[in-house]
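In: I'll drop the sequence and a predicted model, then ask my questions.
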Amino acid sequence: MNNKAGFFLWNLRQFSILVRRSRTLRLYPLGFCRPKISHSNWNIRNLLLNKFDNGMHTSIRYLFQDAFILKSGDGGFQTKGLSTASLFRVDSLCCPRRLSFDSRHSLVSVGTSDNGLKKVDFHPEACSEDVLSKEMKPTPISHRKLSQECSSLSDVLDSFSKAPTFPSSNYFSAMWTIAKRMSEDQQRFEKQLMFNHPVFNQLCEQMMKEANIMYYDQLLFSLHAMVKLGVPQNTLVVQTLLRITQERINECDERCLSVLSTLLEALEPCKNVHVLRAGLRILVDQKVWKIEHVFTLQTVMKYIGKDAPIALKKKLEMKALRDLDSFSALNSQRMFEVLAAMDHRSVVLLNECSKVVIDNIHGCPFKILISILRACKDLRYRNSDLFKEIADYVATTFDIWKLKEVLFLLILFENLCFRPVGLMDLFMKKIVAESESLNVKSIVSILHVYSSLNHIYKCQNKEFLEVMASALTGCLHHISSENLLNAVCSFCMMNYFPLAAVNQLLQKEVIHELLTSGDIERNAHKLHILNTCLKLDNAAYHKALNIPLPQLFPSPSPSNVKVAEGLSSLLGSEGCFAKNVQLPHNYYIDFEIRMDASRNHVLSFSDVDVTSATNMQRVAVLCVPRSVYCLDSVHPRGVLAMKMRHLNVMGFHVILVNNWEMEKLSMEDAVAFLKTKIFSVEALSPTGVNLQSTC
């Protein structure tokens, strides 16, 4: 009799835990989800089962953003952004996570009511793993085996429909593994077949049922696979898995940290993602010193987010510095991209990784070189030794590189203000030999790089400019106005004027288009450069712009107080020089000095005998920052070189005073430095400082 009563109570408890329950999610400030408990009405059944379940319904509300179709608690459908959805819970006692699960023996059949439960036979004294394994078909299949046996996403779904096994995450992981082997067009076609497959919805429902009982890494892998396969993020299945991922985030081990970080990068911003990211940051802050593998550390750093707290970024940086001895060559190469993704400029870490990159530069793939240079640009990190090694490596192995690959590297070098002389010379020779392979985009980019870095290779410069002008002329019938302006402006900075391109650019309709569309301010600035070059550089070309251009407002220049004091002390009074002198063609100079023809004496601006230009030498003193030179050199970049050339045409001798050097000098040394610059014959010699021969 006691056995029968025990058997009745045991079966009654099993039936009670299968009853459909609704759950409502509540978000807390710390970013985790807690269930809101609502007690049901007391009755005898609940009293008998109080030991097991306490007769309580767990209510969880999911946060969705514009969900397509959500199943409501009453079995209907709604399209509201906030919905209460039915979720089924399986007691961990009867279905532990390590057991196999067969959807055909699901405790709740899909599409049936609570009364339509499938009958499952349980022995009251044998609820062990062995019995359950026999009852529930313990034939799991790994996602690796699925991806090897199946050739398409539909094959995986067919396998699920024939013999579904626990966990369902294997099917999503297998489908994503297969999809990665396909082309983009084939992926698009296969994904459409996947969504239209009759068992895809069943697999999603099964995934939601099992999410609470599968291992945490399986949950993360399946959610990542869903997102990559194109399952909309605002659907019930994705948001449900996001919520469960939040609830179980404390189960994260080192491997899961890496997977979760990658998952967050693939997700679009929404409330659940924001909460999950906040939880990850708290977890990383607690476990950062326990991370053993460099790959995991770099993955977490890469995807932790640019808006992560600076204290957390510093802690991750310190962890990376402590593990430097464990870094491989690949780890050091990857660290540039990682720091750029995290938006954290660690000069110490970058310097140490640069040494490893330099030592292992040979054989470094193109993709790694590009990521390193991009990261240096984003992080404002300038290491001329690193850049020189990369440029020398590419120059040494020049024949194995494609033309567009070398151009891409040169564009990045230009962004970093670095001038790789040897590589640029080789590239010029390659362009002259293979000019027929150039298109509009490459022509504009090449001209921009060479004009910006002011690179002149006298042995082949004229031939190079002629080849580029011929290539540009061949593209004039389909080139856009902005590209034409950029190309012609680059030619002008190099003191070369392709007649056909200039004539097309000076047409009124083209000028009007440039001044009324696109980046108008930038276009106006380039048109001013073109107009100035046409008037000052090429005497044989007298045609200029007939359309009035908008006035340019110069950026405020630094005060240069130290230079002014030094000149006053050197020349005797402020009447011997002028400050902030405005010249024609929107040129400004910091200081102007007037000297006699023998260059021995400085003339006062109030002297009435200085009206004759033959008896006067005009000197322009330009106080320049480090950015006007190429990196770690005194080679002027394109804009400064053009300004110096034009000042020479207007009758000035140009003296350059480096601001960062003057700041280091005492006043006495500054006066001596200025005296050497102004009164030396070399300073006033009419040499073309913008041209440098590399022959």
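Out: Great, that's in hand. Numbering: from 1, shown residues only.

In: what sits against Ala341?
Out: Contact criterion Cβ atoms under 8 Å, 6 or more residues apart in numbering gives Met301, Lys302, Tyr303, Lys306 as the residues in contact with Ala341. (Glycine included, C-beta is placed from N, CA and C.)

In: quick check: the first one vs Met182, distance?
Out: Per Cβ to Cβ, to the nearest Å, Met301 is found 31 Å from Met182.

In: quick one: which of the two has more around it?
Out: Residue environment comparison for Met301 versus Met182 gives the larger neighbour count to Met301, 24 against 16, counting by other Cβ atoms under 10 Å.

In: surely that one and Leu316 touch.
Out: Yes. With contacts counted by Cβ atoms under 8 Å, Met301 reaches Leu316, the gap being 5.0 Å.

In: shared neighbours of those two, anything?
Out: Joint contacts of Met301 and Leu316 (Cβ under 8 Å, 6+ apart) are Met342.

In: torsion angles phi and psi at Leu379?
Out: The phi and psi torsions at Leu379 (degrees, to the nearest 10) take the values phi -90, psi 0.

In: so who does it touch?
Out: In this structure, Leu379 makes contact with Phe336, Leu339, Ala340, Arg345, Leu350, judged by Cβ under 8 Å, 6+ apart.

In: list buried residues within the residues you listed.
Out: When burial is judged by neighbour count using 16 or more other Cβ atoms under 10 Å, the buried members of the contacts of Leu379 are Phe336, Leu339, Ala340, Leu350.

In: look at Gln186 and say how many residues are nearby.
Out: The burial metric for Gln186, expressed as a neighbour count using other Cβ under 10 Å, is 12.

In: any idea how far Ala266 is from it?
Out: Taking Cβ to Cβ as the criterion, Gln186 is separated from Ala266 by 21 Å.

In: you'd agree Ile589 is in a strand?
Out: Yes. Residue assignment for Ile589, taken from DSSP: H, G, I helix; E, B strand; the rest coil, places it within a strand.

In: Val634 versus that one, what's the distance?
Out: When distances are taken as Cβ to Cβ, Ile589 and Val634 turn out to be 19 Å apart.

In: could you check which of the two has the larger neighbour count?
Out: When neighbours are counted by other Cβ under 10 Å, Ile589 comes out ahead of the other of Ile589 and Val634, with 22 against 9.

In: what about the nearest residue to that one once chain neighbours are set aside, which SS state?
Out: Among residues not flanking Ile589 along the chain, Ala620 sits closest, at 4.3 Å (Cβ to Cβ, 6 or more residues apart in numbering). Of the three states, Ala620 takes strand according to three-state DSSP.

In: Ala620 bridge partners, please.
Out: Beta-bridge pairing for Ala620 (DSSP bridges): Glu592, Val654.

In: greatest separation within the contacts of Leu379: which pair is it?
Out: In these, the most distant members under the criterion Cβ to Cβ are Phe336 and Arg345, with 11.1 Å between them.

In: neighbours around the residue lying closest to Phe398 once chain neighbours are set aside, how many?
Out: If you skip the residues right next to it in sequence, Phe398 has Leu426 as its closest partner in space, 5.3 Å away by Cβ to Cβ, 6+ apart. By other Cβ under 10 Å, 18 other residues sit near Leu426.

In: can you give me phi and psi for Leu426?
Out: With angles defined as degrees, to the nearest 10, Leu426 sits at phi -60, psi -40.

In: does it touch Ala395 like I think?
Out: Yes. Leu426 lies in contact with Ala395 (Cβ under 8 Å); the separation is 5.8 Å.

In: need the phi and psi values for the one residue sitting closest to the centre of the chain.
Out: Averaging the C-alpha coordinates of the chain gives a centre point, and the residue nearest to it by Cα atoms, centre = their mean is Ala341 (6.1 Å). In this entry, Ala341 is assigned phi and psi values of phi -70, psi -30 (degrees, to the nearest 10).

In: any idea how far it lies from Glu463?
Out: Computed with Cβ to Cβ, the distance linking Ala341 and Glu463 is 43 Å.

In: who's in contact with the helix or strand hosting Val563?
Out: Assessed by DSSP states H and E, Val563 sits inside helix 561-571. Residues external to helix 561-571 that are found in contact with it (Cβ under 8 Å, 6+ apart): 574, 576-577, 579, 590-591, 593, 602, 621, 623, 657, 662-663, 667, 670-671, 673-675, 678.

In: just the ones of those in strands?
Out: Within these, residues falling in strands by DSSP state E are Phe577, Lys579, Asp590, Phe591, Ile593, Val602, Val621, Cys623, Val657.

In: with pLDDT, distance to Phe408 and secondary structure added, can I get the contacts of Leu379 in TSV?
Out: Output for the contacts of Leu379, formatted as TSV (pLDDT from 0 to 100; distance: Cβ to Cβ, whole Å; DSSP: H, G, I helix; E, B strand; the rest coil):
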residue	pLDDT	distance to Phe408	secondary structure
Phe336	97	16	helix
Leu339	96	21	helix
Ala340	96	17	helix
Arg345	95	24	coil
Leu350	97	22	helix
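
In: list just the nearest of those residues to Leu229.
Out: Out of the contacts of Leu379, the member with the shortest distance to Leu229 (by Cβ to Cβ) is Ala340, at 28.5 Å.

In: give the helix, strand or coil label for the closest residue to that closest one other than its chain neighbours.
Out: Taking Cβ to Cβ, 6+ apart as the measure, Ala340 lies nearest to Ala375, with 3.8 Å between them; neighbours along the chain are not counted. Each residue gets one of three states, and Ala375 gets helix by three-state DSSP.

In: contacting residues for Ala375?
Out: Phe336, Glu337, Leu339, Ala340, Tyr381 are the contacts of Ala375 under Cβ under 8 Å, 6+ apart.

In: quick one: it from His344, how far?
Out: Per Cβ to Cβ, Ala375 is found 11 Å from His344.

In: check Leu146 too.
Out: Remark: distance between Leu146 and His344 (Cβ to Cβ) = 40 Å.

In: and Leu505, by the same measure?
Out: When Cβ to Cβ is applied, the distance between Leu505 and His344 equals 44 Å.

In: ok so, going back, from the contacts of Ala341, which land in helices?
Out: Judged by DSSP state H, helices contain the following of the contacts of Ala341: Met301, Lys302, Tyr303.

In: mind listing what the spatially closest residue to the last one that is not a sequence neighbour touches?
Out: Closest residue to Tyr303 in three dimensions, ignoring its sequence neighbours and counting by Cβ to Cβ, 6+ apart: Ser261, at 3.9 Å. Taking Cβ under 8 Å, 6+ apart as the contact definition, Ser261 lies against Leu280, Thr299, Val300, Lys302, Tyr303, Ile304.

In: which residue packs closest to the third one, ignoring adjacent ones?
Out: Leaving out its chain neighbours, the residue that sits closest to Val300 by Cβ to Cβ, 6+ apart is Ser261, at 5.0 Å.

In: quick one, strands of the protein?
Out: 21-22, 25-27, 33-39, 56-59, 62-63, 70-71, 77-78, 82-83, 86-87, 577-583, 587-595, 602-603, 617-624, 652-658.

In: no further queries at this time; thank you.
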